[in-house]
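Participant: Take this sequence and fold it.
(one chain, ligands or ions: 1)
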Amino acid sequence: MALLDRRKFYIDGAWVDPATPNDFAVINPATEQEVAVISLGSQSDVDRAVAAARAAFDDFSQWSVDDRIALLERIRAIYKRRMSEFAEAITLEMGAPKRLSINSQAPVGIGHLDGVLAALKSFEFEGAYLNGDTIRREPIGVCGLITPWNWPMNQIALKVLPALAAGCTMVLKPSELTPLDAMLYAEVLDEAGVPEGVFNLVNGNGPDVGSALSRHPQVDLMSFTGSTRGGSAVAADAAATIKKVALELGGKSPNIVFADADLDVAVPRGVRHVFQNTGQSCNAPTRMLVESSVYDRAVELARETAEAQEVGDPQKDGKHIGPLVSQMHWDKVQGLIQQGIDEGARLVAGGTGKPDGMNAGYFVKPTVFADVTNDMTIAQEEIFGPVICLIPFEGEEEAIRIANDTPYGLAAQVQSGDEARAKRVADRLRAGMVHINGADMDWGSPFGGYKMSGLGREGGRYGLEEFLEVKLISCRS
Ligand code: NDP
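Facilitator: So this is what the prediction gives:
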């Protein structure tokens with residue numbers, strides 16, 4: 001395959017050269033081969049993109065809701081037409097297996113759009129408050145959007161679409177590991193007629209382009225998804241200019257399995273959820289807390305599920321998982337697996353090293369640890385690989401205590417045949433999303449977490465509100 005040249009940025013409605021050439025190789029994590037070359041931007045590129053977004057704001061912020069709805073509907077149609085290109089790009093740049101890219105990674109661009117559209121169509125931008133005063137909701141201004149590599153389109157959709165729906169203008173910096181889908185998205189927005197300057201894209205790394213955006217006095221809001229370390233850096237950079245910050249960060253989500261759950265269903269489902277996307281999902285239920293009376297059986301089921309989990313070439317069809325995103329990430333995951341072993345957890349399946357016969361590519365073994373205690377590093381730190389920790393507990397109180405004993409609070413799962421008990425436990429979990437017996441969430445529901453998992457929510461109406469300011473209008477006639 002010929003090397004793709006994607007060196008340009010999308011600024012003010014045109015593909016332009018970076019202020020200073022600074023090539024960066026995009027690597028296919030399944031082959032370790034270079035597949036594209038992009039540019040890493042600098043302060044000058046950010047200044048140019050923010051100026052374009054600022055200039056476009058006065059007009060775009062005055063667009064009617066109907067015009068914004070029509071714009072989103074045009075984006076929907078074009079995205080749908082080109083969806084297979086997104087699936088291919090995501091498989092190439094981050095190693096998501098073909099089936100995952102086609103069935104999940106790319107279609108989320110439609111699902112989130114529908115969630116935002118429904119919110120926009122029903123949103124009251126102006127109305128009387130409880131005391132009779134008039135309150136108006138207005139676009140917050142120029143937004144800096146920083147997105148990660150693990151669900152690249154998911155995160156772009158969850159930021160760009162509500163920003164457009166609100167009437168904001170923006171500069172997107174996708175992860176430089178996965179820039180290809182973001183650049184395709186710029187083409188979709190261009191074709192849909194997003195006005196010049198409303199959407200801008202500058203590739204680059206976090207400490208340079210990301211930080212320049214966060215510190216920029218002309219940026220009104222930063223919306224970031226990524227590590228807690230990155231989110232904290234964005235918030236610190238944004239503080240001097242008092243801009244609003246929305247953060248979607250990591251997790252170490254518990255999955256509480258009570259003895260009265262349907263174990264044969266709940267345990268394999270929980271393990272497969274962790275392995276999906278090679279463990280690179282912020283809401284993965286990576287700590288499986290199991291009631292001690294059924295613990296041994298759960299460990300056995302987890303082992304069987306891990307041993308049945310195939311790892312393979314993302315370009316092939318099948319239910320296998322692909323590689324991790326990068327060598328650096330592979331090293332991190334290997335280090336944490338080794339640390340689990342060193343700290344005394346029982347390795348039940350998988351372990352360090354690559355799966356047998358896989359030499360090229362950042363592939364890892366699906367790994368199960370049992371007899372983990374919640375103070376171990378593998379129970380506290382986000383591993384972001386196909387690694388699950390099983391922790392035994394006695395009774396409801398201990399389950400809740402262990403579940404909440406984490407700096408994170410993104411998601412939680414509860415498995416029980418007693419719905420009243422499951423809901424009672426859900427009430428006491430300090431997490432933004434609780435799923436009972438494997439129930440999923442629908443498009444438009446709020447995604448986000450408590451504690452160090454972030455600030456604010458994404459998706460639907462809650463996501464739209466992040467991009468709005470509140471204005472009181474009092475009038476004497
Ligand atoms: P990062 O948080 O570093 O990357 C996410 C995005 O933030 C990237 O675009 C990155 O750019 C950018 N970024 C990083 N530092 C800054 C900064 N100081 N200012 C502005 N932007 C910044 O995650 P990593 O790729 O390093 O992954 C490390 C760990 O983070 C993972 O192992 C996982 O635990 C967690 N993570 C969580 C995600 C989630 O969905 N909640 C998503 C991705 C990672 P750049 O790539 O140049 O650093």
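Participant: use CA for all of it now, contacts and neighbours both
Facilitator: Fine.
Participant: just checking, Phe224 is part of a strand?
Facilitator: Yes: judged by DSSP: H, G, I helix; E, B strand; the rest coil, Phe224 forms part of a strand.
Participant: Would you agree Glu466 is in contact with Val245?
Facilitator: No: contact criterion C-alpha atoms under 8 Å: Glu466 and Val245 do not qualify, at 9.0 Å.
Participant: Briefly note if stretch 220-240 comes near the ligand.
Facilitator: Yes: residues of stretch 220-240 are located near the ligand by C-alpha under 6 Å from any ligand atom, namely 225-227, 230, 233-234.
Participant: Need the pLDDT of Ser477.
Facilitator: Ser477 is assigned 83 on the pLDDT scale.
Participant: What of Ala2?
Facilitator: Taking Ala2 on its own, its pLDDT is 87.
Participant: Excluding chain neighbours, give the residue nearest to it in space.
Facilitator: Excluding the flanking residues, the one nearest Ala2 by C-alpha to C-alpha, 6 or more residues apart in numbering is Val35, at 7.5 Å.
Participant: what about the one you found, is that helix, strand or coil?
Facilitator: strand.
Participant: For Leu3, see how far away it is.
Facilitator: 5 Å (C-alpha to C-alpha, to the nearest Å).
Participant: Between those two, point out the one with more neighbours.
Facilitator: More crowded of Val35 and Leu3, by other C-alpha atoms under 10 Å: Val35, with 18 against 12.
Participant: and the more buried one, what does it touch?
Facilitator: 1-4, 25-28, 92-93 (C-alpha atoms under 8 Å, 6 or more residues apart in numbering).
Participant: Separate out the buried members of these.
Facilitator: Applying a neighbour-count criterion of 16 or more other C-alpha atoms under 10 Å, the buried members of the contacts of Val35 are 25-28, 92-93.
Participant: Take these and write them to JSON lines, including distance to Arg269.
Facilitator: Below are these laid out as JSON lines (distance: C-alpha to C-alpha, whole Å):
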{"residue": "Ala25", "distance to Arg269": "37"}
{"residue": "Val26", "distance to Arg269": "33"}
{"residue": "Ile27", "distance to Arg269": "31"}
{"residue": "Asn28", "distance to Arg269": "29"}
{"residue": "Leu92", "distance to Arg269": "27"}
{"residue": "Glu93", "distance to Arg269": "27"}
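Participant: Mind picking the two most distant members of those residues?
Facilitator: Ala25 and Leu92 (13.0 Å; C-alpha to C-alpha).
Participant: What are the contacting residues of stretch 469-477?
Facilitator: 133-140.
Participant: For that stretch, C-alpha coordinates in CSV please.
Facilitator: In CSV, the C-alpha atoms belonging to stretch 469-477 read as follows (Å, rounded to 0.1, in the frame of the first residue of the first chain):
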residue,chain,number,x,y,z
GLU,A,469,-23.7,29.6,28.1
VAL,A,470,-26.6,30.9,30.3
LYS,A,471,-27.9,34.4,29.7
LEU,A,472,-30.4,36.2,31.8
ILE,A,473,-32.4,38.9,30.0
SER,A,474,-34.4,41.3,32.1
CYS,A,475,-36.4,44.0,30.3
ARG,A,476,-38.4,47.0,31.5
SER,A,477,-40.8,48.4,29.0
